[in-house]
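Visitor: Sequence and predicted structure below; questions after.
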Amino acid sequence: MPTKYLIVTLPVQSAAGDSEASLWRRLQESISRNSLDTPLYRFTLPRFRGTTFNSLIALSDELVRSNVLIEGLSFKIRKQIEDLERDRDAGSGTLAVDGVPVDSYLSRFVWDEDKYPVKPPLKEIVARILSRVRKIEDRLKVQAADYNSVKNQLKSIIKKQSISLVTRDLSNLVKPEDIITSEHLTTLLAVVPKYSQQDWLSSYEFFDTFVVPRSSKRLYEDNEYALYTVTLFAKVVDNFKVRAREKGFLIRDFAYSPEAQESKKDELEKLRQDEDSMRTSLLQFLYASYSEVFSSWMHFSAVFLFAESILRYGLSTPFLCAVLAPSPKSEKNLSSILEELCGFANSKYWKSEDGDHGDESHPYVSSTINVV
């Protein structure tokens, strides 16, 4: 599918015996004759009513600003879809507009008069389009914020489980059988540098005479540290901690609680389920929103093309509207063809003496639709 489309209008030179049908044929023939890789379709504009030069001039700046807003929201939604699909290691689904692929929608565009009746003034039609788009944008902000909140909570918990043993939560590393707690005995958790494990195993029994011999067991090891248990009499805990610290070993404060451990496990599982459910819901909303926003964008573009064409060609000049999908290599040649079809009388005012007015200076009216 092409990633860039150009919707253009060309003035019909009625005085020279031209018509929309003949201009359309000339456009097709010119593209074919130059062997341009450029699909070409008619783009039908509705018959808007009650338009005057003054009303169109007053609307012109708003059309340009609002087009940027709608286009930006379309890109934002598409990127969010791609990001969410990437997070779950899935390829992006097919983006559709009104149930058909984007290129099919563009090539067969029909104004939806149920959504946007053409009888009201253009200003009201524009306001109606923008109202629909802003409602989607507002709802998207809320739904995305809710999802990101849960996602960040989950990331925070997972991060705490993957950082250094010096600071991470240890509850998911310790099992009930690893801990001995009685009236006199207790089990401590020691964080030992990875390359000092042999030092620990050969010395911990001598930190105090009330240490249970051969009671140390390794529970976990990461890139920097290993986690060991050690069982001793409760009355010598403070002295053991001091001796361990002197030797470069850290005794973590840890109180084993099956209830707390189960609660954390349940919280993590619930967050995973919530994150998955909310991502699915957000994706569904994004796909539906893309369809609605892209459709609104095309209706808005139709208004823009109509208004700009009247301002450029005049109220009495009919014009042909077409949508093209030029390849990057064919854009320059296509522009020359379109300028030629505008006629010399209309084209000469868009050329400076050095032939350069910038990329956007053309005698025809155009609107670029980037779909990626």
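Guide: Nice, thanks for sending it over.
Visitor: could you point out which element follows the helix or strand bottoming out on mean pLDDT in the chain?
Guide: In the chain, no helix or strand scores lower on mean pLDDT, DSSP states H and E than helix 344-347, which sits at a mean of 50. Downstream of helix 344-347, the next assigned helix or strand under DSSP states H and E is strand 365-370.
Visitor: residues of that next one that come out buried?
Guide: Across strand 365-370, burial judged by 16 or more other C-beta atoms under 10 Å covers Val365, Ser366, Ser367, Ile369. Where C-beta positions appear, they are placed from N, C-alpha and C, glycine not excepted.
Visitor: got it, and stretch 207-223?
Guide: Those buried within stretch 207-223 under the rule 16+ other C-beta under 10 Å are Phe207, Asp208, Val211, Ser215, Ser216, Leu219, Tyr220.
Visitor: hmm, back to that, now the buried residues of strand 365-370 as TSV including distance to Val97 and pLDDT?
Guide: Shown next, in TSV, are the buried residues of strand 365-370 (distance: C-beta to C-beta, whole Å; pLDDT from 0 to 100):
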residue	distance to Val97	pLDDT
Val365	23	93
Ser366	21	92
Ser367	16	93
Ile369	12	92
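Visitor: check which helix or strand covers the residue sitting furthest away from the middle of the chain.
Guide: Within the chain, the residue lying farthest from the chain centre (C-alpha atoms, centre = their mean) is Thr209, at 62.4 Å. Assigned by DSSP H and E, Thr209 falls within no helix or strand.
Visitor: got it, and the one 4 residues further on?
Guide: Assignment of secondary structure by DSSP H and E places Pro213 within no helix or strand.
Visitor: which ones are touching it?
Guide: By C-beta atoms under 8 Å, 6 or more residues apart in numbering, the contact set of Pro213 is Glu205.
Visitor: what's the distance between it and Ala244?
Guide: Pro213 is 16 Å from Ala244, where distance means C-beta to C-beta, to the nearest Å.
Visitor: which helices and strands does the host helix or strand of Gln161 pack with?
Guide: Gln161 is located in helix 122-162, with elements delineated by DSSP H and E. Where contact means 3 or more C-beta pairs under 8 Å, 6 or more residues apart in numbering; DSSP states H and E, helix 122-162 is packed against helix 53-87, helix 258-313.
Visitor: Could you verify that Leu36 is part of a helix?
Guide: No - assigned with DSSP: H, G, I helix; E, B strand; the rest coil, Leu36 falls outside any helix and is coil.
Visitor: Which residue lies closest in space to it, excluding its sequence neighbours?
Guide: Ser330 (4.4 Å; C-beta to C-beta, 6 or more residues apart in numbering).
Visitor: Just confirm that neighbour contacts Thr38, I think it does.
Guide: Yes - between Ser330 and Thr38 there is a contact under C-beta atoms under 8 Å: 5.4 Å.
Visitor: The closest residue to Phe210 other than its chain neighbours: neighbouring residues, count only.
Guide: Counting by C-beta to C-beta, 6+ apart, Phe233 is the residue found nearest to Phe210 once chain neighbours are left out, at 3.9 Å. Residues contacting Phe233 under the criterion other C-beta atoms under 10 Å number 16.
Visitor: Contact partners for Phe233?
Guide: Taking C-beta under 8 Å, 6+ apart, one finds His184, Leu185, Thr186, Phe210 in contact with Phe233.
Visitor: Spit out the contact partners of the second one.
Guide: Neighbouring residues of Leu185 by C-beta under 8 Å, 6+ apart: Val212, Thr231, Leu232, Phe233, Ala234.
Visitor: Make TSV out of these and add distance to Thr167 and pLDDT.
Guide: Below are the contacts of Leu185 laid out as TSV (distance: C-beta to C-beta, whole Å; pLDDT from 0 to 100):
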residue	distance to Thr167	pLDDT
Val212	28	95
Thr231	24	96
Leu232	24	95
Phe233	28	95
Ala234	25	93
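Visitor: Show me which pair in these is furthest apart.
Guide: Farthest-apart pair in the contacts of Leu185 is Val212 and Ala234; separation 11.8 Å (C-beta to C-beta).
Visitor: Please identify the helix or strand for Ser215.
Guide: Ser215 is part of no helix or strand when elements are defined by DSSP H and E.
Visitor: For it, what are phi and psi?
Guide: When read as degrees, to the nearest 10, the backbone of Ser215 gives phi -90, psi -10.
Visitor: how much space between it and Ala244?
Guide: Ser215 is 14 Å from Ala244, by C-beta to C-beta.
Visitor: where does the stretch 201-350 of the chain dip in pLDDT?
Guide: Scanning the stretch 201-350 of the chain with the threshold set as pLDDT under 70 gives 344-350.
Visitor: ok, now with 50
Guide: Scanning the stretch 201-350 of the chain for pLDDT under 50 picks out 345, 347-349.
Visitor: coming back round to it: which single one of the buried residues of strand 365-370 is nearest to Leu271?
Guide: For those, the nearest to Leu271 is Ile369 (39.9 Å; C-beta to C-beta).
Visitor: how much space between the closest one and Gln198?
Guide: On the measure of C-beta to C-beta, Ile369 and Gln198 end up 68 Å apart.
Visitor: Spit out the contact partners of the residue nearest to the spatial centre of the chain.
Guide: By C-alpha atoms, centre = their mean, the chain has its centre lying nearest to Gln80, at 1.9 Å. Contact analysis of Gln80 by C-beta under 8 Å, 6+ apart lists Ala144, Leu282, Leu286.
Visitor: what about 10 Å?
Guide: Leu140, Ala144, Tyr147, Leu282, Leu283, Phe285, Leu286, Ser289, Tyr290 (C-beta atoms under 10 Å, 6 or more residues apart in numbering).
Visitor: can you tell me which two in these are farthest apart?
Guide: Tyr147 and Tyr290 (16.6 Å).
Visitor: Contact partners for Leu170?
Guide: So Leu170 contacts Gln161, Leu189, Val191, Leu219, Tyr220, Leu227, Arg252, Asp253, Phe254, Tyr256, Gln261 (C-beta under 10 Å, 6+ apart).
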